[in-house]
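A.B. asks: below are the sequence and a predicted model; questions follow.
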Number of protein chains: 4
Amino acid sequence: MNWVTEMETGTVTTAPRRRGRPRSALAQKAIIEAVLELLAEGTSVEALSMEAVASRAGVGKATIYRRWPHKDALLFDAVASIKEPLPTPRGGSVRDDLIQLVRAAGKARDSRTGRILPCMIPELQRPGHLRDQYLGMVEARRDVLRGVLHRGIVTGELRPDTDVEIAVTLLTAPAVMSLLGSVSRPEGEHLPERIVDTVLGGIASADPGGRGQMPAEPVQG
Amino acid sequence: MNWVTEMETGTVTTAPRRRGRPRSALAQKAIIEAVLELLAEGTSVEALSMEAVASRAGVGKATIYRRWPHKDALLFDAVASIKEPLPTPRGGSVRDDLIQLVRAAGKARDSRTGRILPCMIPELQRPGHLRDQYLGMVEARRDVLRGVLHRGIVTGELRPDTDVEIAVTLLTAPAVMSLLGSVSRPEGEHLPERIVDTVLGGIASADPGGRGQMPAEPVQG
Amino acid sequence: MNWVTEMETGTVTTAPRRRGRPRSALAQKAIIEAVLELLAEGTSVEALSMEAVASRAGVGKATIYRRWPHKDALLFDAVASIKEPLPTPRGGSVRDDLIQLVRAAGKARDSRTGRILPCMIPELQRPGHLRDQYLGMVEARRDVLRGVLHRGIVTGELRPDTDVEIAVTLLTAPAVMSLLGSVSRPEGEHLPERIVDTVLGGIASADPGGRGQMPAEPVQG
Amino acid sequence: MNWVTEMETGTVTTAPRRRGRPRSALAQKAIIEAVLELLAEGTSVEALSMEAVASRAGVGKATIYRRWPHKDALLFDAVASIKEPLPTPRGGSVRDDLIQLVRAAGKARDSRTGRILPCMIPELQRPGHLRDQYLGMVEARRDVLRGVLHRGIVTGELRPDTDVEIAVTLLTAPAVMSLLGSVSRPEGEHLPERIVDTVLGGIASADPGGRGQMPAEPVQG
DNA sequence: TGGTAATCGAGACGGTACGTCACGTCTTTCG
DNA sequence: CGAAAGACGTGACGTACCGTCTCGATTACCA
């Protein structure tokens, strides 16, 4: 899942137990924690220096580079370490499950997490480890959502012609908006409920002359 | 609107014409263009060096720093310079207008623009010039969307209890997704139409037992 | 004698009177004066900037470069401008003439002059305009000294086997020392007289066994 | 004695051995050597850039600035490092000792040394480390000369009324002249012998009417 | 229990980019 | 048309980090 465990996790049985002094688990944790502290304090990814991390963690620079090959790798692990566990829908009504998932996703805008995640976005533009692993994490969450939607179609709670991908995108929208941080977002009570209900019910009038539900004709941009 | 025009725009009537050799408009343009080229080539914000910009633009470093005080300022102006003009809805049916706006927003994922915009996201987390100006630009676009939605409520095309802020968020989501770049996005033909129609019509069945439209009871996380 | 006069001195009669605004003689003087002020204030040649000169003189940089091609050229002219006129011996006794010349040379350690001249020394190491012109000025002064010494040999005031070149060097010594500025120098009343009398009379005892006047034998280092 | 040893020399007994990787003695030497090479190649102090030094020495700029705070400091240490050891007179006749000392001083005009030393002269005008330390080195050499002259007075080889300070200045002059480099200097065989003998014996005729030894009357400039 | 070996904090290493300043030239407007 | 003002491309300044490399000191294990 990350650089450190990759290199430390071997076959369970063999466990060749590298000779010499083992690596300090405290140092490991202190380094990750130092990165998160600095990012949460408003240090930009650009301005975050390995030297500052080492100093804040009370650790030598070599101790960091022994574990992570690059600054990017450390950053990714640090960000990955704050991920909440994958939510599992309770299996009640589709509406209840969606509300639960949207609420869980909305937690991502919590104080520290919400300030840290956006730092990684530019790194996701170019192909590479960070992008692939980050994408995997995001897709896992979206798959949970897809599962609930497909179940809703099967149970008849959702219309059979439901555009699942579009629906996933819409239900994820508020969490994604919170990543941007600076745009105004809907607020108030029962936000997850309002979102889910809007997606479920739509906003068009029941019948304003046939418009809204069926496209009158394709519109060219 | 940006650092350069701020310092060059004086009282409209007087135009005192600063003494000495005027700043070269060619250099100005070459610098911005060099930044955009480098970003589009995959250079990360972190790796984008003023020295590379100067070299690419065929310009001295001092010529850059004479115009922008920081790398951030230059980056913001460069990104701001590629903004498309604010779209104006044609004023047909609400559905048509929304499709037009979503399509216009989707154009942001065009080759160069789409690769450049995400670079600025981390800069938007901390208060400052970049955040405020970027926010202003984004809100202007969202206001256009709000206007169309309110008109729909008045004309009866949209339900009177429509949650406008939620709807704005849902309709903006796909464009934002494409900015993030790394998550899977819905694809295929007539994407703007599908998005708008999903938001307009919802996904819930007409009546699977009263669920979907009205919450049975508030759900606690 | 310097860059400016070379290019400005024409035939007296013709005086073609160049068109346009004549060059300001005030600017010329202000520039030289600014250089001397800055050097006397302790600004090293290395730290002395054309920008500072222009600012101090209340002059544009181009006005300087229109007159002198390089910083070195300006520096040389500035230093040359403080040279006292060539001394002419009165033609009395050789001793009196030497004292007069030594005293005139000693004046070079006057406050401002003494602080400025040493700045040029490193520039004299490499061939070039500065070196050649400076060398010419120095040699002119030494030639006056040589003339007096040769006259002394003719009149019998000096010994016929006098090593003129060595004597010139010795008589110039104190002035040269004052260029170094930091070494301890002889002080007290009647310094020129003491120097000349020491060179004239030597320091060896009249007869401590033949030593001192005539070498007992050549000594190898 | 210089910046580096100052900071590395601790209490002789304890030698606390600073933590971390020790500074490379090779880099130290390479840097000094690079400065001397560049100066000897004719690079002026003004034109000598730290970047060129680092490049020539195959060293990072930080490695230089870790050891010397300023360009001046590095220059001084570089120049100080080429100082020949203090000469010790053999203790023969005063004449022999003086010739030995003058010859030793004359060696300073050897190829590289002679081209490097004059670079420092302007730095000696303003108070500061360079001036003080340079002054100390020069005075040590002059003290050796003073010692020989005083011994000569005691042994009777020199006249009891010898003006020691003037004599020191005269005997040092030729070496100083050679440092200045651009003025014409006496040349030929047995130069140290000719200088010493001229100073010892003077140049005045034995008796051209009482002049030369005793001033007829004080002369005012 | 005493080697052996990899770890630790510390910090120097060769580089690269930063943002500033001065060079000598060029291009404006004003007098 | 010259003078001032000041922008131009160039390149060095001294600083800060990068990722690597020694240091002496500190742990574990294995013999």
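C.D. replies: Received, thanks. Numbering: from 1, shown residues only, chains lettered A, B, ... in the order given.
A.B. asks: the closest residue to A:Val79 other than its chain neighbours: neighbour count?
C.D. replies: Distance criterion CB to CB, 6 or more residues apart in numbering or on different chains; nearest residue to A:Val79, sequence neighbours excluded, is A:Met120 at 5.4 Å. The way it works is simple: take the backbone N, C-alpha and C, and place the C-beta from them, glycine included. Using other CB atoms under 10 Å in any protein chain shown, A:Met120 has 23 other residues around it.
A.B. asks: ditto for A:Pro192
C.D. replies: 20.
A.B. asks: remind me which residues of chain A are low pLDDT?
C.D. replies: Residues of chain A that meet the criterion pLDDT under 70 lie in A:1-17, A:84, A:108-111, A:126, A:129, A:181-184, A:207-221.
A.B. asks: from chain D, how far out is the residue most central in space within chain A?
C.D. replies: By CA atoms, centre = their mean, chain A has its centre lying nearest to A:Val138, at 5.2 Å. Using CB to the nearest CB, to the nearest Å, we find A:Val138 at a distance of 41 Å from chain D.
A.B. asks: that residue sits in which helix or strand?
C.D. replies: Per DSSP states H and E: A:Val138 is located in helix A:129-155.
A.B. asks: look up how far DNA strand F lies from the residue nearest to the centre of chain A.
C.D. replies: Distance, A:Val138 to DNA strand F, using CB to the nearest atom of the strand, to the nearest Å: 25 Å.
A.B. asks: domains for chain A, by residue range?
C.D. replies: Domains of chain A are assigned by automatic domain parsing as A:22-80, A:94-203.
A.B. asks: can you say which of those is packed in most?
C.D. replies: Of all these, domain A:94-203 has the most neighbours on average by mean count of other CB atoms under 10 Å in any protein chain shown, namely a mean of 19.
A.B. asks: how about the following helix or strand past the helix holding A:Val138 and chain B, touching?
C.D. replies: Downstream of helix A:129-155, the next assigned helix or strand under DSSP H and E is helix A:164-180. Yes. Shown here: helix A:164-180 in contact with chain B (CB under 8 Å from any CB of the partner chain) through A:165-170, A:172-174, A:176-177, A:179-180.
A.B. asks: tell me the contacts of the residue of chain A found nearest chain D?
C.D. replies: Nearest residue of chain A to chain D, counting by CB to the nearest CB: A:Gly60, 9.3 Å away. Each residue near A:Gly60 by CB atoms under 8 Å, 6 or more residues apart in numbering or on different chains is listed here: A:Ala54.
A.B. asks: that older thread, closest to B:His70 out of the domains of chain A?
C.D. replies: domain A:22-80 (11.3 Å; CB to CB).
A.B. asks: what about that closest one, start to end distance?
C.D. replies: Across domain A:22-80, the terminal residues are separated by 24 Å (CA to CA, to the nearest Å).
A.B. asks: that domain vs DNA strand E: in contact?
C.D. replies: Yes. Domain A:22-80 comes into contact with DNA strand E (CB under 7 Å from any atom of the strand), by way of A:Pro22, A:Arg23, A:Ser24, A:Ala27, A:Gly58, A:Val59, A:Gly60, A:Lys61, A:Ala62, A:Thr63, A:Arg66.
A.B. asks: give me the element the second one is part of.
C.D. replies: Under the assignment given by DSSP H and E, A:Arg23 is not contained in any helix or strand.
A.B. asks: that one and A:Arg67 touch, don't they?
C.D. replies: Yes. Using CB atoms under 8 Å, A:Arg23 is in contact with A:Arg67, at 7.3 Å.
A.B. asks: what residues does chain A have near chain C?
C.D. replies: So chain A never meets chain C (CB under 8 Å from any CB).
A.B. asks: that older thread, closest one of the residues of helix A:164-180 next to chain B to DNA strand F?
C.D. replies: A:Leu179 (23.9 Å; CB to the nearest atom of the strand).
A.B. asks: how near is A:His190 to A:Arg103?
C.D. replies: According to CB to CB, to the nearest Å, A:His190 stands 10 Å off from A:Arg103.
A.B. asks: next one: A:Gly114
C.D. replies: Taking CB to CB as the measure, A:Gly114 falls 15 Å from A:Arg103.
A.B. asks: how about the residues of chain A near DNA strand F?
C.D. replies: Residues of chain A lying close to DNA strand F (CB under 7 Å from any atom of the strand) are A:17, A:19-22, A:48-52, A:61-62, A:65, A:69-71.
A.B. asks: for chain A, what lies in contact range of chain D?
C.D. replies: With the criterion set to CB under 8 Å from any CB, chain A never comes near chain D.
A.B. asks: just the helices in chain A please.
C.D. replies: Under the criterion DSSP state H, helices of chain A are mapped to A:3-8, A:25-40, A:50-57, A:61-65, A:71-80, A:94-106, A:111-116, A:129-155, A:164-180, A:191-201.
A.B. asks: can you redo those helices as CSV with distance to B:Ile153?
C.D. replies: Shown next, in CSV, are the helices of chain A (distance: least, CB to CB, whole Å):
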stretch, distance to B:Ile153
helix A:3-8, 53
helix A:25-40, 41
helix A:50-57, 52
helix A:61-65, 56
helix A:71-80, 41
helix A:94-106, 24
helix A:111-116, 32
helix A:129-155, 28
helix A:164-180, 20
helix A:191-201, 14
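A.B. asks: C:Ala204 is nearest to which of the ones you listed?
C.D. replies: helix A:50-57 (69.7 Å).
A.B. asks: list of residues touching the closest one?
C.D. replies: With contact meaning CB under 8 Å, 6+ apart, helix A:50-57 is reached by A:27, A:30-31, A:33-35, A:37-38, A:43, A:60-61, A:63-65, A:71, A:74.
A.B. asks: same question, stretch A:71-85
C.D. replies: The set of residues external to stretch A:71-85 that reach it, using CB under 8 Å, 6+ apart, is A:1-4, A:31-32, A:35-36, A:39, A:45, A:48, A:50, A:53, A:64, A:67-68, A:104, A:107-108, A:112-113, A:116-117, A:119-120, A:123, A:128-130, A:133-134, A:137.
A.B. asks: coming back round to it: where's the residue nearest to the centre of chain A relative to A:Thr63, distance?
C.D. replies: Taking CB to CB as the measure, A:Val138 falls 31 Å from A:Thr63.
A.B. asks: can you check A:Val94 too?
C.D. replies: As judged by CB to CB, A:Val94 and A:Thr63 stand 49 Å apart.
A.B. asks: before we move on, back to that, the residues of domain A:22-80 next to DNA strand E: which two are farthest apart?
C.D. replies: Among the residues of domain A:22-80 next to DNA strand E, A:Pro22 and A:Lys61 lie farthest apart (CB to CB), at 19.8 Å.
A.B. asks: what's the closest non-adjacent residue to A:Glu46?
C.D. replies: Per CB to CB, 6+ apart, closest to A:Glu46 is B:Glu46, 4.8 Å.
A.B. asks: surely the one you found meets A:Leu48?
C.D. replies: No. Using CB under 8 Å, B:Glu46 is not in contact with A:Leu48, being 9.7 Å away.
A.B. asks: is it true that A:Thr63 touches A:Ala27?
C.D. replies: Yes. A:Thr63 is within contact range of A:Ala27, at 5.4 Å (criterion: CB under 8 Å).
A.B. asks: give me the common contacts of those two.
C.D. replies: Counting by CB under 8 Å, 6+ apart, nothing touches both A:Thr63 and A:Ala27.
A.B. asks: for A:Ile99, see how far away the closest residue to A:Asp97 other than its chain neighbours is.
C.D. replies: Once flanking residues are discounted, A:Asp97 sits nearest to A:Pro89: 3.8 Å by CB to CB, 6+ apart. Separation of A:Pro89 from A:Ile99 (CB to CB) stands at 10 Å.
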